[in-house]
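> sequence unknown, structure follows:
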């Protein structure tokens, strides 16, 4: 079993290497080997997707971008659901009161005010680096994003951590650029908290941890990059990412990018908005609550944020 598999791997690697050599060499005028267009009809698709290979050398197309992003997130929804215990609202917009259970029929109605659980405006910090070679780009990002409870000792919802990704420009037509992207996250999203009496329900509801699996997403991006807009060097971009593995982590957004040139460096300032949806579950137990809450069951977290960010970067 191992020998055929080894030969298949060697064959695939050799074919990929030969194809890469031919593709790279095709971009140089001195290449005297077979025309790659006799194998792959590249010239027939270039009128639709623009130049496939760089006009000069590949090394001249290399660019890098480094930056920092400061964002404020606004919680839109947040729910904790137990398959037996039911659902509670953790969002900061929760208002109102609930009727306390009566000990006897003679007791008068008593109410308790519901207190919001999560902090409604958490801060997110990102540091990133992007390396681009013609149509390909490779990204690395580290995010610090923890949505804590109003009383920080009660818990938090965390989805920060390190991620890597890649972009591929499918079409480059004058000022319009369309591409595909993929991202892999290396940290599991987690909710760790104590949801006590008088927060979202009139009794202790949950105490424990719910952990998801690190997500993998795919998506697309679109950039409109004119020389200038209203006399300013700006461009517009939009994107969408959808999960294909792990926790449910989807995002959609847009940004306006201002990129002046100072001396030899291209500076960048980006105003960015994105809507992020998160969902994950785990079979676990709560250590507090009524009998139904104490049973082993599936606990699920669902949350959504609107994130408003300001980013500063530099091209090299």
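Yes, it's here. These figures come from a predicted structure and were not determined experimentally.
> Where does residue 252 sit: helix, strand or coil?
The three-state label given to residue 252 by DSSP: H, G, I helix; E, B strand; the rest coil is strand.
> Now do the helices for this structure: every range, in order, please.
Remark: helices assigned in the chain by DSSP state H are 2-26, 42-49, 291-294.
> Return the distance of the shortest one from the chain's centre.
What it means is helix 291-294. Helix 291-294 sits 34 Å away from the centroid of its parent chain (Cα atoms, centre = their mean, to the nearest Å).
> which other residues reach it?
82, 84-86, 204-206, 285-288 (Cβ atoms under 8 Å, 6 or more residues apart in numbering). In short, each C-beta sits where N, CA and C put it, glycine included.
> By neighbours, which of these wins?
residue 206 (27 neighbours; other Cβ atoms under 10 Å).
> residues touching it, list them.
Counting by Cβ under 8 Å, 6+ apart, residue 206 has contacts 80, 82, 85, 88, 193-195, 286, 288-289, 293, 299.
> Make TSV out of those and add pLDDT.
What follows is these, written out as TSV (pLDDT from 0 to 100):
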residue	pLDDT
80	92
82	93
85	89
88	86
193	91
194	91
195	87
286	92
288	89
289	86
293	87
299	96
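> Between these, which sits nearest residue 253?
For those, the minimum distance to residue 253 (Cβ to Cβ) is 25.9 Å, reached by residue 80.
> Report the separation between that closest one and residue 92.
Here residue 80 is placed at a distance of 14 Å from residue 92 (Cβ to Cβ, to the nearest Å).
> Ok, residue 280 next?
Distance from residue 280 to residue 92, by Cβ to Cβ: 20 Å.
> same question, residue 304
In this view, residue 304 and residue 92 are 13 Å apart by Cβ to Cβ.
> Pull up the overlap in contacts between those two.
Joint contacts of residue 304 and residue 92 (Cβ under 8 Å, 6+ apart) are residue 75.
> for the record, mean pLDDT for stretch 133-140?
Confidence for stretch 133-140, expressed as mean pLDDT, is 89.
> how about it: buried residues?
Neighbour-count burial for stretch 133-140, counted by 16 or more other Cβ atoms under 10 Å, picks out 134-135, 137, 139.
> can you tell me which of these lies nearest to residue 316?
Using Cβ to Cβ, residue 137 is the member of the buried residues of stretch 133-140 that lies nearest residue 316, at 13.9 Å.
> quick one: the nearest residue to the closest one once chain neighbours are set aside and residue 279, what's the gap?
Once flanking residues are discounted, residue 137 sits nearest to residue 167: 4.0 Å by Cβ to Cβ, 6 or more residues apart in numbering. Applying Cβ to Cβ, the value for residue 167 to residue 279 is 25 Å.
> For these two, indicate the residue with more neighbours.
Using other Cβ under 10 Å as the criterion, residue 167 and residue 279 rank with residue 167 on top: 22 against 18.
> From residue 223, how far out is the more buried one?
Going from residue 167 to residue 223 by Cβ to Cβ gives 10 Å.
> Report the contact partners of the nearest residue to residue 260 once chain neighbours are set aside.
Distance criterion Cβ to Cβ, 6+ apart; nearest residue to residue 260, sequence neighbours excluded, is residue 267 at 5.3 Å. Residue 267 makes contact with 259-261, 312-315, according to Cβ under 8 Å, 6+ apart.
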